[in-house]
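Engineer: I'll drop the sequence and a predicted model, then ask my questions.
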Amino acid sequence: MLYCQSCNTDNSSQATRCQDCGCPYLLPYAVVLARRDGKLKGVKSGFNLPAALFGFVWAAYHRAWNLALFLFLFSLALVAFNSQLAAGTNSLLLMIAFQAAYMVIRGMYANKWLLQALKRKGYSERTTPN
Ligand SMILES: [Zn+2]
């Protein structure tokens with residue numbers, strides 16, 4: 001499976017251009033997983049920008065409900081923590097720093113988390129992607 005770098009659409013491995021937007025920049029998924037019924041899922045590698053920006057909304061979009069719940073609760077905890085912080089000096093900078101760190105961590109680990117979530121749902125890695 002290949003994904004389009006501009007619109008993120010899944011394409012067949014034979015495609016040389018994106019079937020959706022016509023963009024020629026197709027990349028292979030880092031990991032392709034298959035379920036018993038033949039359904040395929042691809043997981044990319046590298047930094048996951050949508051996960052960094054949208055957090056639990058991104059996880060819910062991928063139907064990784066446990067992950068979505070975890071990210072949502074962590075966001076709430078961070079808000080609660082930041083409101084405690086608000087009394088101190090330089091608190092705004094600290095809040096921004098914590099929020100930014102949380103976003104970077106989400107982006108860095110998102111693909112790994114998604115992979116684990118898919119494996120829990122019965123997907124397993126294929127050794128020979130086509
Ligand atoms: Zn495309």
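Structural biologist: Received, thanks.

Engineer: Pull out the buried residues from the helix or strand residue 103 falls within.
Structural biologist: Using DSSP states H and E, residue 103 sits within helix 91-120. Across helix 91-120, burial judged by 16 or more other CB atoms under 10 Å covers 95, 102-103, 106-107, 110-111, 113-115, 117-118. In short, each C-beta sits where N, CA and C put it, glycine included.

Engineer: near the ion too, which of those residues?
Structural biologist: The subset of the buried residues of helix 91-120 lying close to the ion, counting by CB under 5 Å from the ion, is empty.

Engineer: which of these has the weakest pLDDT?
Structural biologist: Lowest pLDDT among the buried residues of helix 91-120: residue 95, with 86.

Engineer: hang on, the earlier thing: pull the most distant pair out of the buried residues of helix 91-120.
Structural biologist: Pairwise distances across the buried residues of helix 91-120 (CB to CB) peak at 33.4 Å, for the pair 95 and 118.

Engineer: roughly how far apart are residue 112 and the ion?
Structural biologist: With distances taken as CB to the ion, to the nearest Å, residue 112 is found 25 Å from the ion.

Engineer: With residue 30 instead?
Structural biologist: Going from residue 30 to the ion by CB to the ion gives 18 Å.

Engineer: mind listing what that residue touches?
Structural biologist: Applying CB atoms under 8 Å, 6 or more residues apart in numbering, we find residue 30 in contact with 43-46, 111.

Engineer: Just read off the phi/psi values of it.
Structural biologist: phi -70, psi -40 (degrees, to the nearest 10).

Engineer: hmm, back to that, now do the very next helix or strand once past the helix holding residue 103, average pLDDT.
Structural biologist: Next in sequence after helix 91-120, counting helices and strands by DSSP H and E, comes strand 124-125. The average pLDDT within strand 124-125 is 92.
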